[in-house]
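Chemist: Provided below for reference: sequence and predicted model.
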Amino acid sequence: MSTAYTTADILAHNQTALAELRRAITLRPHRFSLVLARCNYSRLQRLVVDHLQATTPLVERSLPDSIATLLQALKPDQNAPAPPALMVTGLDQVHNIEAVLRAANLGRDAFPKAFPCPLVLWMSDRTLALLNRHAPDFKSFAAAPIPFEYPPGELIHSLHRNANDLFATMLSLGDASPHYTEAAAYHQGSALRTELEFALVDIAQTHTSLDGELKASLDFLKGRDAFSRSDLDVARYHFDQSLGHWQKAAHAPPARPTTEPSPAPPLHPFTPLPPTPRQKQAVLLFYLGATCRSQAALQRVVYDRLLHKAEGHFSACLRIFRHLQQPEVVGKFIHALAEVQQKLGAWPALARTATEGLTLHRQDPIRLARNHGYLAEVALAQGDAATAQQQAERALEILAIAGAIDANPETLPTAELMVANQFQRGWYLYLLGRVHIAQDQAEAAISLLEQARHYTDPKTDLSLYRSILQTLQRQHYRQKNYRAAYGVKLKQRQVETRFKLRAFIGAGEIQPLDLPRAAASLAPEIQASGRQVDVEALTYRLEQARYPLVIIHGPSGVGKSSILYAGLVPALARSFPEGRSTLPVLVRGYRDWPDEVNQALAHALQQQNTDDGDGIPPAAPIDQSALVDRLTTMTEQSYRQIVLIFDQFEEFFVEAGEIRQRRDFYTFLIDCLNIPYLKVVLALREDYLHYLLELERGFDLDIINNDILSRDYRYYLGNLRADDARSLIRRLTDDAHFYLETELIDRLVADLATAIGEVRPIELQVVGAQLQRQDITTLSEYLALGDHPKATLVQNFLGSVVHDCGVENADLARLVLYLLTDLDRENRAYRPQKSREDLIEELDLRGAKYHIEQLELVLDILAGSGLVFLLPDIPSDRYQLVHDYLVSYARRELPDELLKSLHRGHS
């Protein structure tokens, strides 16, 4: 391994670049010039900047990771004298770097006025490429970038050192290492990972080959990175590659010393030696076991097989440490084996492992508590509730004592206690909850299960978290706490969707990913369904000045709302036309449309976490003129584009049944189209498209060439072709590890296809969700549903939601679903929007027997299921069945005898 270079060596290697940078700074000290310093390594950049500050007059400005524009972030104090030179660092870490560079390009002429001195921008190759792409005019101020580089030997030495440090960290953490984030700093896109990639490129360019040890270490780093991202197949590949090297190295004879060994600095007496190949082999075996364990949680079909593989890897890991006579390290890794034995239900083996742990962990209270937890599991499995309670309470007691002495870091590392509190306390509480269930103490059990849920992280133990939720939901339902039970069920659904255990979403809309706005991304379902092309096309149109209006139209159930909410809105949040940020405003109600738009605007600003001068629009009523003024001001005074998105716009024509009621909105629409940087999107069913022709009578449409239904402004969203539906089902089910027979998929698509061979996305999602709920994976199971299996599944879906309302509330739930359907003047099925008061009036008119609390419960559960929209409104919220497709099924859900009594009450 090469030795480390000194600071003097590194500066000498960059002597030419240093001289060039000094010359660029001092050549024109009181005039603006742009200087680009290219450096891919933060430590090297810091070393050079510190050296320059000691020898050259300049001022350094480090950028925060979140800035609006470069000019604003660097804006000098008008009263302070200009510095001889301004050196800017931190540009590589700016989150919205592309938008910042676009803004710099647009405002390039302001920089010479603002900075009468040389401006030095430090950046990596990656940021330099973005500068070339997004700010070519701004970059034209500068000469060729000045490169600063490490000597190749220093790069290799650094890679070896970092790899050994990571192995040593994993050895010290033991089986708790997956819970820590030391290696997560190497994830894709992070600063360390980016520097690692740069180092590999730089080494390759010098034609320096990597030795086998370094390649194996890099495989471990890549595997650990993939593991932290739950990319488990990739992780296992890299761990296998790395393990192969360390297995050979562990059995290879010692290397012969060179005749002239490289000088090495004397080791500090307390400096630990680098991990040996055998120790690294054991770490790799542990991570292979952890990978199989994680895969088992996601692949239920091969659950036991993967757990047995994990058990084999963990056992092999422990054998190495026992052979090396390192009982303290055995103690750090033994619980990985115990956990797998627990999941396999291997109770005698688990009892032996936990009992051994009691001896190994006498001086380690965190791991000692876990042993008592495992012994509680064994006792519960054997029906010994008293012993289980004793062991679980002992585990919590030890944890409490550990917390009390945590003030002394020498006695117990804070990080270990944090892991125990975050990932193990929930398990002990869950065990106690199960003990109380066995003892018929429901209230105490629910309280403990709620605590267990709070202390458990699904990212760490998804299986435990789901078990807690399932047990808690059952207990709430048995106690007739239906609202609480359904709240837990919703949480279960969210977790299963997040971790790709659910292939289909049911009747609800596809939800956007729960990510920071800067990292907003399309939902996987949008990408999988082939709608990503549509999202990109719509985003492109809305970035062009020639498209002030976009009309999205298509049949009911094609996913217009989903593509807006989970596709277009996140895409627009990342859109920067002409350097402007974009504010997508989603409007979903039309009873009092000015207030609806105003409320949607307030919500959009809150979502964007804006802190500019606009403020949040008040909730008070607003008139049409004031709303137009507000929108105009927002586009003029803030550097943004606003996109008003009117979803389910056909509801506007239902609410405003007469043309005179619609004229005010038409005037507002035309005013919006004439405001620069304000775009309008209308999404509606195609059978309502002709209503828009009313705008061509009596209104000035010059902005859209007096042709509102021109193909230039319309965008059609259709159903899925049969082949596309087949591919979508396969991809969604494979991703969720819910595998369907090919024959079942073919029959399902045939049943879903319309007369012209198309499949409605909403119907596919509802039927698919019910397939998974009933665990139907074969054609024979599907056909066993009866003569009309597809219809049976849809009816079962509605029935499951009604069941969630509770037996006492089932008839009321069916009545509410029926009242949320109707036929319009042309006898077309539609979904009226009704407030709670509207429903009460209709139920009372029909003589329905219920309590207000029952109605509130039913509405909450119907809305939570995704079967019914909850539309916030003033003075009261409104409810609406989620899709026209479900109208006939909702009306069919009402039994004949209940329907007859309803009509008798109405008459």
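Modeler: In hand now; what should we look at? Every value quoted in this text rests on a predicted model; they were computed, and no experiment measured them. Numbers count the residues shown, from 1 in each chain.

Chemist: before we move on, what SS does the nearest residue in space to residue 302 that is not next to it in sequence have?
Modeler: Here the nearest residue to residue 302 in space, its sequence neighbours aside, is residue 296; by CB to CB, 6 or more residues apart in numbering that works out to 7.5 Å. Where you see a C-beta, it was placed from the backbone N, CA and C, and this is true even at glycine. On the three-state scheme (DSSP: H, G, I helix; E, B strand; the rest coil), residue 296 is labelled helix.

Chemist: same question, residue 584
Modeler: Secondary structure state of residue 584, per three-state DSSP, is strand.

Chemist: What is the burial count for it?
Modeler: 25 (other CB atoms under 10 Å).

Chemist: Please tell me how far it sits from residue 671.
Modeler: 19 Å (CB to CB, to the nearest Å).

Chemist: ok, and for stretch 712-727, which residues are buried?
Modeler: By neighbour count, with 16 or more other CB atoms under 10 Å as the criterion, the buried positions of stretch 712-727 are 713, 714, 715, 717, 719, 720, 721, 722, 725, 726, 727.

Chemist: ok, now stretch 684-703?
Modeler: Residues of stretch 684-703 classed as buried by neighbour count (16+ other CB under 10 Å): 684, 685, 686, 688, 689, 691, 692, 695, 701.

Chemist: Which of those residues fall in strands?
Modeler: 684, 685 (DSSP state E).

Chemist: Can you say which two of the buried residues of stretch 684-703 are spatially most distant?
Modeler: Pairwise distances across these peak at 22.3 Å for 685 and 701 (criterion: CB to CB).

Chemist: Burial check on residue 784, number of neighbours?
Modeler: Residue 784 has 11 neighbouring residues, counting by other CB under 10 Å.

Chemist: what are the ranges of the helices in the stretch 401-550 of the chain?
Modeler: Residue ranges of the helices in the stretch 401-550 of the chain, as given by DSSP state H, counting those that start in this stretch, are 414-423, 425-438, 442-455, 462-478, 482-498, 524-528, 532-543.

Chemist: mind checking how far stretch 320-339 is from the chain centre?
Modeler: Distance of stretch 320-339 from the chain centroid (CA atoms, centre = their mean, to the nearest Å) equals 35 Å.

Chemist: Buried ones in it, by neighbour count?
Modeler: Using 16+ other CB under 10 Å as the burial criterion, the residues of stretch 320-339 that qualify are 320-321, 326, 329-339.

Chemist: CA atoms only for it, dumped as CSV, please.
Modeler: Extracted C-alpha coordinates of stretch 320-339, given in CSV (Å, rounded to 0.1, in the frame of the first residue of the first chain):
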residue,chain,number,x,y,z
ILE,A,320,-14.6,-17.4,12.3
PHE,A,321,-14.7,-15.2,15.3
ARG,A,322,-14.7,-18.2,17.6
HIS,A,323,-11.7,-19.7,15.7
LEU,A,324,-9.9,-16.3,16.2
GLN,A,325,-10.8,-16.6,19.9
GLN,A,326,-12.6,-13.3,20.0
PRO,A,327,-15.6,-13.9,22.3
GLU,A,328,-16.2,-10.1,22.6
VAL,A,329,-16.7,-10.0,18.8
VAL,A,330,-18.9,-13.1,18.9
GLY,A,331,-21.1,-11.3,21.4
LYS,A,332,-21.4,-8.4,19.0
PHE,A,333,-22.7,-10.5,16.1
ILE,A,334,-24.6,-13.4,17.8
HIS,A,335,-28.0,-11.7,17.8
ALA,A,336,-28.1,-11.7,14.0
LEU,A,337,-28.3,-15.5,14.3
ALA,A,338,-30.9,-15.2,17.2
GLU,A,339,-33.1,-13.0,15.1
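
Chemist: contact partners of that stretch?
Modeler: Outside of stretch 320-339, the residues that reach it under the criterion CB atoms under 8 Å, 6 or more residues apart in numbering are 171-176, 278-279, 281-282, 285-286, 289-290, 293, 311, 314-315, 317-318, 350, 353-354, 356-357, 360-361, 364, 367, 370-371, 374.

Chemist: Keep only those of the residues you listed that are in helices.
Modeler: Among the contacts of stretch 320-339, the ones falling in helices (DSSP state H) are 171-173, 278-279, 281-282, 285-286, 289-290, 293, 311, 314-315, 317-318, 350, 353-354, 356-357, 360, 367, 370-371, 374.

Chemist: From those, keep the buried residues only.
Modeler: Of all those considered here, the ones buried according to neighbour count by 16+ other CB under 10 Å are 171, 173, 278-279, 281-282, 285-286, 289-290, 293, 311, 314, 317-318, 350, 353-354, 356-357, 360, 367, 370-371, 374.

Chemist: for the stretch 601-750 of the chain, what spans make up the strands?
Modeler: Shown for the stretch 601-750 of the chain, the strands assigned by DSSP state E, counting those that start in this stretch span residues 640-646, 678-685, 714-716, 720-721.

Chemist: Each with direction, which strands does the third one pair with?
Modeler: By that I understand strand 714-716. In the sheet containing strand 714-716, its partner strands are strand 549-554 (parallel), by DSSP bridges.

Chemist: just the angle between the partner strand and strand 678-685, please?
Modeler: Compare the direction of strand 549-554 with that of strand 678-685 by axes from the mean of the first three to the mean of the last three CA atoms, to 10 degrees and you get 20 degrees.

Chemist: what helices or strands is the very next helix or strand once past strand 549-554 leaning on?
Modeler: Using DSSP states H and E, the next helix or strand after strand 549-554 towards the C-terminus is helix 560-562. Judged by 3 or more CB pairs under 8 Å, 6 or more residues apart in numbering; DSSP states H and E, helix 560-562 is in contact with strand 678-685.

Chemist: So what touches the strand it packs on?
Modeler: Contacts with strand 678-685, where a contact means CB under 8 Å, 6+ apart, come from 538, 542, 547-556, 560-561, 564, 568, 631-632, 635, 641-650, 669, 672-673, 692, 884.

Chemist: try 6 Å
Modeler: 542, 548-553, 556, 560, 631, 635, 642-647, 649-650, 672 (CB atoms under 6 Å, 6 or more residues apart in numbering).

Chemist: so it versus helix 532-543, what angle?
Modeler: Between the axes of strand 678-685 and helix 532-543, defined by the same axes, to 10 degrees, the angle is 140 degrees.

Chemist: farthest-separated two in the buried residues of stretch 320-339?
Modeler: When the buried residues of stretch 320-339 are compared pair by pair using CB to CB, the farthest-apart members prove to be 326 and 339, with a separation of 20.7 Å.

Chemist: Might you calculate how far stretch 301-314 sits from the centre of the chain?
Modeler: 28 Å.

Chemist: What average pLDDT does it get?
Modeler: Throughout stretch 301-314, pLDDT has a mean value of 93.

Chemist: Residue 432: what's it in contact with?
Modeler: Residue 432 neighbours (CB under 6 Å, 6+ apart): 392, 448.

Chemist: Stretch 356-364: end-to-end distance?
Modeler: Taking CA to CA, to the nearest Å, stretch 356-364 runs 13 Å from one end to the other.

Chemist: my guess is residue 876 meets residue 833, correct?
Modeler: No - the pair residue 876 / residue 833 is not scored as a contact, 11.3 Å apart, by CB atoms under 6 Å.

Chemist: And the pLDDT at residue 585?
Modeler: Turning to residue 585, the model gives it a pLDDT of 95.

Chemist: where's residue 863 relative to residue 386, distance?
Modeler: Between residue 863 and residue 386 the computed distance is 44 Å (CB to CB).

Chemist: the more surrounded of these two?
Modeler: Neighbours around residue 863 and residue 386, counted as other CB under 10 Å, are more numerous at residue 863. The numbers are 18 against 11.

Chemist: That one: which element?
Modeler: Using DSSP H and E, residue 863 sits in helix 852-864.

Chemist: Report the next helix or strand after that helix in sequence order.
Modeler: Next along the chain from helix 852-864, counting by DSSP H and E, comes strand 868-871.

Chemist: Pull the residues that contact that following strand.
Modeler: Contacts of strand 868-871 from elsewhere in the structure, counted by CB under 6 Å, 6+ apart, are 588, 589, 862, 863, 877, 878, 879, 880, 881, 882.

Chemist: Return the distance of the second one relative to residue 649.
Modeler: When CB to CB is the yardstick, residue 589 and residue 649 sit 11 Å from each other.
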